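Engineer: Predicted model and sequence below, questions to follow.
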Amino acid sequence: MSFAKMQGLGNDFMVVDTISQPVFFNESQIKKLSDRHFGIGFDQLLLVEPPQQPNTDFHYRIFNADGKEVEQCGNGARCLARFVKIMGLTWKYKLRISTLKGVISARMHKDGNVTVDMGVPNFEPDRIPLRYANRELNYAVDVDGIKYSVGAVSMGNPHCVLEVDDIEQAPVERVGPAIGQHHLFPQQVNVGFMQILSDREISLRVFERGVGETMACGSGACAAVAIGQLQQRLGSKVKVHLPGGDLTIDWDGEGQPLLMTGPAEFVFEGQIEI
Ligand SMILES: N[C@H](CCC[C@H](N)C(=O)O)C(=O)O
């Protein structure tokens, strides 16, 4: 079975064309393949499938390194667009792709960057989901007696974001898993640590659900900018500095779609027996 290894700012993926080679992986196979010593090594597995909805080009399924399927992957969407182009699965430069929770569109640029319309962020607690009755700008999450104030939003997948003064000192490894698995988030949550540098620039680190801290998180960058803008701390175009590189996020406010632009790199093509 052939696959491609791709990466978006160091968030890395195993990408499989299941159109020309119908395969599927169970949870334990995905966990083994994601291992960086005993397997191929990746943050997420992306499966490219035939379109499932009218006016879409492909469907794609996203699995975290822990083998669980999730709803959205921003860096993955850019890599998927590049993958289907390189593999000759499309002649288009603008694609509509369905995922577990909706339809996104990706536009490939000549400079190698890809812009993804990530859809409209949703702040309603029951849509994130988040066990709070009413919608708030910030929610108090108690971890070992310390109350953290987080913003929360769904980009299709659940995100919460807390502000830090110094990104280098952010307690990602300690607080990330504690909030990520907190009972307030029934489907767990991706946890972003954001340092606001100006109204058009932030630094961000993300402890991802089902993976851990990654070099970049596209949907996490979208979530941080959406929450920062709602709190009137960020403008409509924001550069997001992640450990693996920069993304540009454009968002005209609540009810509007959010655009994410960044690179997508093909690393190698491989063969495995499963
Ligand atoms: N790295 C991905 C996020 C995957 C989110 C996944 N960890 C989840 O459980 O939702 C991105 O670029 O958006």
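Structural biologist: That came through fine.
Engineer: Helix, strand or coil: sort out the closest residue to residue 121 other than its chain neighbours for me.
Structural biologist: Of all residues not flanking residue 121 in the chain, residue 226 sits nearest, at 4.2 Å (C-beta to C-beta, 6 or more residues apart in numbering). (C-beta placed from N, C-alpha, C; glycine too.) Assigned with DSSP: H, G, I helix; E, B strand; the rest coil, residue 226 falls in the helix class.
Engineer: surely residue 226 meets residue 257?
Structural biologist: No. In this structure, residue 226 is not within contact of residue 257 by C-beta atoms under 8 Å, at 11.0 Å.
Engineer: And the strands in the stretch 101-250 of the chain?
Structural biologist: Counting by DSSP state E, counting those that start in this stretch, the stretch 101-250 of the chain has strands at residues 102-108, 114-117, 139-143, 146-154, 158-163, 190-198, 201-208, 212-214, 237-242, 245-251.
Engineer: does any part of the second one sit near the ligand?
Structural biologist: Right, the one you point to is strand 114-117. No. If you take C-beta under 6 Å from any ligand atom as the test, strand 114-117 misses the ligand, and the best it gets is 9.6 Å.
Engineer: Which strands or helices does that strand pack on?
Structural biologist: Packing contacts for strand 114-117, counted by 3 or more C-beta pairs under 8 Å, 6 or more residues apart in numbering; DSSP states H and E, involve helix 74-86, strand 102-108, strand 258-262.
Engineer: just to revisit the earlier point, how about the strands of the stretch 101-250 of the chain, which one is nearest residue 35?
Structural biologist: Proximity to residue 35 (C-beta to C-beta) singles out strand 212-214 among these, at 12.8 Å.
Engineer: circling back: need the strands of the stretch 101-250 of the chain in a markdown table (columns: mean neighbour count).
Structural biologist: Shown next, in a markdown table, are the strands of the stretch 101-250 of the chain (neighbours: other C-beta atoms under 10 Å):
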| stretch | mean neighbour count |
| --- | --- |
| strand 102-108 | 20 |
| strand 114-117 | 23 |
| strand 139-143 | 16 |
| strand 146-154 | 19 |
| strand 158-163 | 25 |
| strand 190-198 | 23 |
| strand 201-208 | 24 |
| strand 212-214 | 19 |
| strand 237-242 | 22 |
| strand 245-251 | 21 |
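Engineer: would TSV of the ones you listed with distance to residue 63 and mean pLDDT be doable?
Structural biologist: Output for the strands of the stretch 101-250 of the chain, formatted as TSV (distance: least, C-beta to C-beta, whole Å; pLDDT from 0 to 100):
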stretch	distance to residue 63	mean pLDDT
strand 102-108	17	96
strand 114-117	19	98
strand 139-143	27	96
strand 146-154	19	98
strand 158-163	16	98
strand 190-198	15	98
strand 201-208	13	98
strand 212-214	15	98
strand 237-242	22	98
strand 245-251	22	98
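Engineer: neighbours around residue 93, how many?
Structural biologist: With neighbours defined by other C-beta atoms under 10 Å, the count for residue 93 comes to 13.
Engineer: Kindly report the residues of this protein close to the ligand.
Structural biologist: Residues of the chain lying near the ligand (C-beta under 6 Å from any ligand atom): 11, 44, 64, 70, 73-76, 157, 190, 208-211, 214, 217-219.
Engineer: Try it again at 8 Å.
Structural biologist: 8, 11, 43-44, 62, 64, 68, 70-77, 155, 157-159, 188, 190, 206, 208-211, 214, 216-222 (C-beta under 8 Å from any ligand atom).
Engineer: Let me see the domain layout of this structure.
Structural biologist: With domains defined by automatic domain parsing, the chain comprises 2-118+263-271, 125-256.
Engineer: Start and end of the last one, how far apart?
Structural biologist: The reference is to domain 125-256. Terminal residues of domain 125-256 lie 18 Å apart, using C-alpha to C-alpha, to the nearest Å.
Engineer: thinking again about what came up before, pick the most deeply packed of the helices and strands packed on strand 114-117.
Structural biologist: Of all the helices and strands packed on strand 114-117, helix 74-86 has the most neighbours on average by mean count of other C-beta atoms under 10 Å, namely a mean of 26.
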